[in-house]
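Visitor: Coordinates only, no sequence provided:
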């Protein structure tokens, strides 16, 4: 089994997030902006992530002694939150965070637990190695370790990309254990908590708990956003950018309600720093923040000037930074059109839309064409509904979505923008779906475009409920979320035991082969992670027969060949296609069998075979 982790470290990691989040929210009186308990927990989560980002950004900035990360910094963040909470309790003689639970609290809590169970089931089947091959998993481990050691600094390279390392690096310090396992568990933890921020942002945009709850249901069970970012491609940076964007949306709208409070400006600063350190695709959100005042003006809504002030302030950091450090442009601009990454899979719609990469990749990331069509129909309904009912803030995700579609490059990098676009699509789809619910918010407004139709006493709820079930089913059935559930209960013990045996073989390789050894894995890509687990390099390339494997090994300067009983690459159920069936059970003139367990055989190429 992997190196034993310090399990209480996960509790310390949660304290690292929630201690400053709860402490400073209590001190600054942020609970007034949400009357639900889950909403307040979401505020603490967003503020905690933002505070962590700011502190570690400064601690690892590279100026003077500000290099590397240590336990002291993490403990300082936790203690600062406790001090802030204590000061508030002494000053007010009351703990303000608790709120009487309402139905929304119970619903969101159940959905968070459901998502946590889905994540747990996934890790039961894949306890050590990722389900899919992605070099990003290893890269994020390496970057986090480099941030801890001081080999890299947060300024200037960490701008618009490294926010995730400000979470993974502290986790590696606090939890320890096998780094590849620890970072996956931490991302699983963040995924489990993420519905809270989606609920918070969706609710504040729509001014409706129901829309927020619909959003969390679609988010949790479709898996479109959380699975594709964490367990499929391993692109943690994109996911942390989404969390930062959701919290910034909440803070932006909140700030307009209390612009004269110093605490508002402090929180807005925290959220901005978190946003600009997260991922470059978040830049697509700022046009929406800038244009919302115009929408407010056209719809004759209040607070036009206040929205304008905060919208302009939100874009000042890059302007000022580029004036002071013009070379930053040469770092940031290549990121926006970077072609890194590989998009696998395809659907009928993705092929049909191949001439427009951002739309084609969107179809791939949603995973199911019926789900994508349902989502887009709901987006259209939400826009029509927002225009008729003059809900100005609904145009924030609309503008955000348009910005992503417009700025997406015409190459493989467009998939990152497609992925980010799923967030405003989901928010809009939630608002659109709520229209079909009985007694929706718009139906209670005198003169709204739905009031006449919904006020008909003869109208039956049954057709409406049937339509909702069909739409929700279209989005969820066949989705990533359902794939996770089905996959987690299929061959669970076989795959999990194979991973454990793979890891045991790696430890044998570390103890019994030279430090500079090279390995070729013929059927299992888990061995590409030997650079992380044992500090050795391995190559994965399918080879059906020993002769094929020997040729490939010679081309890659590998002295050892690894064959596994459980293949990670998809192969037809034909025994002759599996290397395990074709390799000898004992040594011969070409291969010497050095190690064997129920899933792994390791051969050394004999000199005679060269």
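Guide: Thanks, I have the structure now. If you're wondering where the values come from, they're calculated on a predicted model, not measured in any experiment.

Visitor: got the contact list for residue 533?
Guide: Contact analysis of residue 533 by C-beta atoms under 8 Å, 6 or more residues apart in numbering lists 178, 180, 503, 506-507, 510. To be clear about C-beta, it is placed using only N, CA and C from the backbone, and glycine gets the same treatment.

Visitor: min pLDDT across the residues you listed, which one?
Guide: pLDDT across the contacts of residue 533 is lowest for residue 180, at 90.

Visitor: which SSE is that one in?
Guide: According to DSSP states H and E, residue 180 maps onto helix 179-206.

Visitor: Farthest-apart pair in the contacts of residue 533, please.
Guide: Across the contacts of residue 533, the longest distance by C-beta to C-beta is 14.5 Å; it joins 180 and 510.

Visitor: The two: which has the busier surroundings?
Guide: residue 180 (20 against 15; other C-beta atoms under 10 Å).

Visitor: Tell me where the model's unsure across the stretch 51-200 of the chain.
Guide: When residues are selected by pLDDT under 70, those of the stretch 51-200 of the chain lie in 157-158.

Visitor: how about the helices in it?
Guide: 71-92, 103-125, 135-149, 165-175, 179-206 (DSSP state H, counting those that start in this stretch).

Visitor: isn't residue 196 right next to residue 37, touching?
Guide: No. Here residue 196 lies out of contact with residue 37, judged by C-beta atoms under 8 Å, at a distance of 10.6 Å.

Visitor: ok, so what distance separates the spatially most central residue of the chain from residue 69?
Guide: By C-alpha atoms, centre = their mean, the mean C-alpha position of the chain lies nearest to residue 239, the distance being 2.7 Å. The gap separating residue 239 from residue 69 is 21 Å, by C-beta to C-beta, to the nearest Å.

Visitor: do the same with residue 299
Guide: Counting by C-beta to C-beta, the gap from residue 299 to residue 69 is 47 Å.

Visitor: ok, these two, which is more surrounded?
Guide: residue 69 (23 against 14).

Visitor: which residues does the more buried one contact?
Guide: Per C-beta under 8 Å, 6+ apart, neighbours of residue 69: 56, 59-60, 147-148, 169-170, 173.

Visitor: Now neighbour count and distance to residue 248 too, for those, in JSON lines please.
Guide: Shown next, in JSON lines, are those (neighbours: other C-beta atoms under 10 Å; distance: C-beta to C-beta, whole Å):
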{"residue": "56", "neighbour count": "26", "distance to residue 248": "18"}
{"residue": "59", "neighbour count": "21", "distance to residue 248": "22"}
{"residue": "60", "neighbour count": "26", "distance to residue 248": "22"}
{"residue": "147", "neighbour count": "26", "distance to residue 248": "23"}
{"residue": "148", "neighbour count": "19", "distance to residue 248": "27"}
{"residue": "169", "neighbour count": "24", "distance to residue 248": "22"}
{"residue": "170", "neighbour count": "27", "distance to residue 248": "22"}
{"residue": "173", "neighbour count": "21", "distance to residue 248": "27"}
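
Visitor: Is it possible to get CSV of those residues that adds distance to residue 267?
Guide: Converted to CSV, these look like this (distance: C-beta to C-beta, whole Å):
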residue, distance to residue 267
56, 18
59, 21
60, 23
147, 25
148, 28
169, 24
170, 21
173, 27
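
Visitor: Closest to residue 265 out of those?
Guide: For those, the nearest to residue 265 is residue 56 (21.7 Å; C-beta to C-beta).

Visitor: more neighbours, residue 196 and residue 37?
Guide: residue 196 (25 against 20).

Visitor: out of everything not next to it in sequence, what's closest to the more buried one?
Guide: Nearest residue to residue 196 in three dimensions, chain neighbours excluded: residue 42, at 3.7 Å (C-beta to C-beta, 6 or more residues apart in numbering).

Visitor: And residue 67, by the same measure?
Guide: residue 150 (4.0 Å).

Visitor: Distance check, the one you found against residue 70.
Guide: Applying C-beta to C-beta to residue 150 and residue 70 gives a distance of 10 Å.

Visitor: For residue 63, list the residues it contacts.
Guide: So residue 63 contacts residue 155 (C-beta under 8 Å, 6+ apart).

Visitor: go on, residue 281?
Guide: Counted by C-beta under 8 Å, 6+ apart, residue 281 has contacts 238, 241, 404, 416-417, 419-420.

Visitor: which one among those gets closest to residue 477?
Guide: Distances from residue 477 to the contacts of residue 281, taken by C-beta to C-beta, are shortest for residue 419, at 21.5 Å.

Visitor: so the closest one makes contact with residue 237?
Guide: No. Using C-beta under 8 Å as the test, residue 419 is too far from residue 237 to be in contact (11.1 Å).

Visitor: So for these two, which residue has more residues nearby?
Guide: Using other C-beta under 10 Å as the criterion, residue 419 and residue 237 rank with residue 419 on top: 27 against 23.

Visitor: separation between that one and residue 407?
Guide: Taken as C-beta to C-beta, the span from residue 419 to residue 407 is 14 Å.

Visitor: try residue 38
Guide: Relative to residue 407, and taking C-beta to C-beta, residue 38 is found at 33 Å.

Visitor: Then residue 359?
Guide: 14 Å.

Visitor: which of these two has more neighbours?
Guide: The residue with more neighbours, out of residue 359 and residue 407, is residue 359; 19 against 16, by other C-beta under 10 Å.
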